[in-house]
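> Provided below for reference: sequence and predicted model.
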Amino acid sequence: MSTLSQGLLIAAGENEPMPSVLAVPIDELIVGIFGFLVVFGVLAKVALPRIKAALEERTNAIEGGIERAEAAQADAEKARDEYRAALAQAREEAAAIRTQAQSDRTAIVDEARTEARAAAATVTAAAEAQLAAERAQATAALTRQVGDMALTLATKIVGQGLADDARVRATVDDFLDSLEQSAREAKA
Amino acid sequence: MAADSALSTVVAAGSLDCKFENAANPCGFPAPDTGIFFFDDLASVEILGMTFGFNKVTILVILGVVIVLAFFLWAFRRPKVVPRGSQNVGEMGYLFVRDGIAREVIGKDGDKFVPFLFSFFFLVWILNFMGVMPFVNFPATSVFAIPVAFALIVYLTWLPLGIYRQGFVGFFKGMLFPPGVPKPMLILLGPIEFLSNIIVRPFTHAVRLFANMFAGHLLLATFSLASFYLLTFTVVGVLGSVASVAVAVAITGFELLIQALQAYIFTLLTAVYIGGALHAEH
């Protein structure tokens, strides 16, 4: 036996052989049992239910968070779909309006063109009619003046007495008619 | 040699002081023996005619109880959904016991036994840890009575639990005569199973923890003592002492691992026994 343990035994005031390490002193056994029971009792009744509740709460919070996120995602998807539908509808409307405008424009242009043509035709017709009338008038006036000039000329050449003679007038008219005729033939 | 002359002087003086443990001391290396596991009562009380002593072991057990309770009551005083500080640490311990031991070994009905396993794990761990705790330097679990007390509680838990859950006949039939074994073998197997499960099991459960902590403490004590003993004012003495300190430090690190591991194994076996009591074996 070593000096240290001897010293310990001496310090303990005993000189007996050392007890076995497998000995189980009843007071240590009781302290061990009650020590554990106290730890178990307090932890099981006080500390651990708290942490268990907190962990469950956390699980719920996480699951609730996931549910909320899923709901938010569903909302966002719904809004996106609605937006897309509205956008498509707006595009269709725009296309329809554009088509309508195209056809309207064509109609308006056609109408304006028709109107313009009609107006132009009216103006042309009026101008032609006026022109024809003026030409007829001018022709008549010219014919009479030429007849007069021819008569005056013939009178001067042939001598007096021819004026106001009915036969002379007829001759002049014939002459003029033949003039007109020849002019018409030349024109044709 | 100076030491020799000092020794002869001491011997000549006839006042050999073996309490000062040093290589210069002629008493030889006082290798620690089982004596370091026995303590005097510091106080005692009389309860029902029985003397109840408080020695270092019982005081350390009470200290361990106080530490475990103080820490977890503090850590879980107002648990938040978002954990902070000590709650984080406590939660890690709780989840380790719940997921790593109770659910893993017992199954989904293991949640009921989490407080039981949790208490064992942390009480055993702190009592083991006291083996390297400065100024304490003694694991209460290296005294046989303490693991016996714990193993006894476990034994008195799973045995009635098994009988309660599976019925007396069903429980013992399932344990002693496992199905799928040839009939003649049962004659041999029955007594062996009875011996191993009912008689030896609580004993091995206690001894496994006790022997590990006992051996660890003895090693630490030996090398700690040697580092003082070898320290003389010679090159060999200093080198020997430094080497001994290095080994003591290494063993301390190793012990830290063993302490946690043995607490885990003790708790794991507890869970295995409870699981076996809850569910008939196959």
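That came through fine.

> how far away is residue A:133 from residue B:78?
Note on residue A:133: its distance to residue B:78, by Cβ to Cβ, to the nearest Å, is 118 Å. C-beta here means a position set from N, CA and C on the backbone, and glycine is covered the same way.

> how far off centre is the helix or strand containing residue B:266?
Here residue B:266, judged by DSSP states H and E, is contained in helix B:235-278. Between the centre of helix B:235-278 and the centre of its chain there are 10 Å (Cα atoms, centre = their mean, to the nearest Å).

> report all helices and strands that that helix contacts.
The helices and strands touching helix B:235-278, judged by 3 or more Cβ pairs under 8 Å, 6 or more residues apart in numbering or on different chains; DSSP states H and E, are helix B:114-129, helix B:145-166, helix B:201-229.

> that one vs helix B:145-166, what angle?
Between helix B:235-278 and helix B:145-166, the angle formed by their directions is 20 degrees, by axes from the mean of the first three to the mean of the last three Cα atoms, to 10 degrees.

> quick one: average pLDDT of helix B:235-278?
Mean pLDDT, helix B:235-278: 94.

> ok, stretch B:195-214 next?
In this model, stretch B:195-214 has an average pLDDT of 94.

> please apply the same query to stretch B:69-87.
Averaging pLDDT along stretch B:69-87 yields 87.

> quick one on the thing from earlier: the helix holding residue B:266 to helix B:114-129, inter-axis angle?
Between helix B:235-278 and helix B:114-129, the angle formed by their directions is 170 degrees, by the same axes, to 10 degrees.

> quick revisit: higher neighbour count, residue A:133 and residue B:78?
residue A:133 (10 against 7; other Cβ atoms under 10 Å in any protein chain shown).

> secondary structure element holding that one?
Taking DSSP H and E as the criterion, the element that holds residue A:133 is helix A:48-158.

> any residue of that helix touching chain B?
Yes - contact check for helix A:48-158 against chain B, using Cβ under 8 Å from any Cβ of the partner chain: residues in range are A:48, A:50, A:51, A:52, A:53, A:54, A:55, A:57, A:58, A:61.

> which helices and strands sit right next to that helix?
Secondary-structure packing of helix A:48-158 (3+ Cβ pairs under 8 Å, 6+ apart): helix A:166-187, helix B:86-95, helix B:114-129.

> could you pull up the mean pLDDT of it?
90.

> angle of that helix against helix B:86-95?
If you take the same axes, to 10 degrees, helix A:48-158 sits at 110 degrees to helix B:86-95.

> quick one on the thing from earlier: ChimeraX command to pick out the buried ones of the residues of helix A:48-158 next to chain B?
Filtering the residues of helix A:48-158 next to chain B down to the buried ones (16 or more other Cβ atoms under 10 Å in any protein chain shown) takes a single ChimeraX command:
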select /A:48,50,51,52,54,55,58
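
> the residues of helix A:48-158 next to chain B into a markdown table, with extra columns for distance to residue B:123?
Written out in a markdown table, the entries for the residues of helix A:48-158 next to chain B read as follows (distance: Cβ to Cβ, whole Å):
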| residue | distance to residue B:123 |
| --- | --- |
| A:48 | 14 |
| A:50 | 19 |
| A:51 | 17 |
| A:52 | 19 |
| A:53 | 23 |
| A:54 | 22 |
| A:55 | 22 |
| A:57 | 27 |
| A:58 | 27 |
| A:61 | 32 |
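
> nearest to chain B, out of the residues of helix A:48-158 next to chain B: which one, please.
Distances from chain B to the residues of helix A:48-158 next to chain B, taken as Cβ to the nearest Cβ, are shortest for residue A:54 (3.4 Å).

> thought residue A:31 was touching residue B:60?
No - contact criterion Cβ atoms under 8 Å: residue A:31 and residue B:60 do not qualify, at 9.4 Å.

> picking that back up, of the helices and strands packed on helix A:48-158, which shows the lowest average pLDDT?
By mean pLDDT, the lowest-scoring of these turns out to be helix A:166-187, with a mean of 77.

> and that helix, how far out from the chain middle?
79 Å.

> okay, the angle between that helix and helix A:48-158?
On the basis of the same axes, to 10 degrees, helix A:166-187 is oriented at 140 degrees to helix A:48-158.

> residue A:20 - that's part of a strand, no?
No - under DSSP: H, G, I helix; E, B strand; the rest coil, residue A:20 sits outside any strand and is assigned coil.

> mind checking how far it is from residue B:38?
Using Cβ to Cβ, one obtains 10 Å as the distance from residue A:20 to residue B:38.

> and those two? Which one has more around it.
Neighbours were tallied for residue A:20 and for residue B:38 using other Cβ under 10 Å; the higher tally belongs to residue B:38 (19 against 9).

> need phi/psi at that one.
Its backbone dihedrals place residue B:38 at phi -120, psi 140, with angles given as degrees, to the nearest 10.

> quick check, pLDDT for it.
85.

> that one contacts residue A:19, doesn't it?
Yes - with contact defined as Cβ under 8 Å, residue B:38 reaches residue A:19; the gap is 6.7 Å.

> mind checking pLDDT for residue B:3?
Reported pLDDT at residue B:3 in the predicted model: 43.

> cool, and residue B:227?
Listed pLDDT for residue B:227 reads 87.

> quick one: it and residue B:239 touch, right?
No - with contact defined as Cβ under 8 Å, residue B:227 does not count as touching residue B:239 (11.4 Å).

> more crowded one of the two?
Each of residue B:227 and residue B:239 had its neighbours counted (other Cβ under 10 Å), and the higher figure belongs to residue B:227 (19 against 11).

> spatially, what comes nearest to the more buried one if we skip its sequence neighbours?
residue B:244 (3.9 Å; Cβ to Cβ, 6 or more residues apart in numbering or on different chains).

> measure that neighbour to chain A for me?
With distances taken as Cβ to the nearest Cβ, to the nearest Å, residue B:244 is found 16 Å from chain A.

> got the domain boundaries for chain B?
Here the domain parsing of chain B from automatic domain parsing is B:1-30, B:31-278.

> out of those domains, which one sits most buried?
Each of the domains of chain B was scored by mean neighbour count; the highest is domain B:31-278, a mean of 18, by mean count of other Cβ atoms under 10 Å in any protein chain shown.

> and the residue of the stretch 151-282 of chain B nearest chain A?
When scored by Cβ to the nearest Cβ, the stretch 151-282 of chain B has residue B:153 as its residue closest to chain A, at 5.8 Å.

> check contacts around the residue nearest to that residue when sequence neighbours are not counted.
Computed as Cβ to Cβ, 6+ apart, the closest residue to residue B:153 that is not its neighbour in sequence is residue A:36, at 5.8 Å. Contacts here follow Cβ atoms under 8 Å, 6 or more residues apart in numbering or on different chains; on that basis residue A:36 touches B:119, B:120, B:123, B:149, B:150, B:153.

> how about residue B:145?
Neighbour list for residue B:145: A:23, A:24, A:25, A:28, A:29, A:32, B:57 [criterion: Cβ under 8 Å, 6+ apart].
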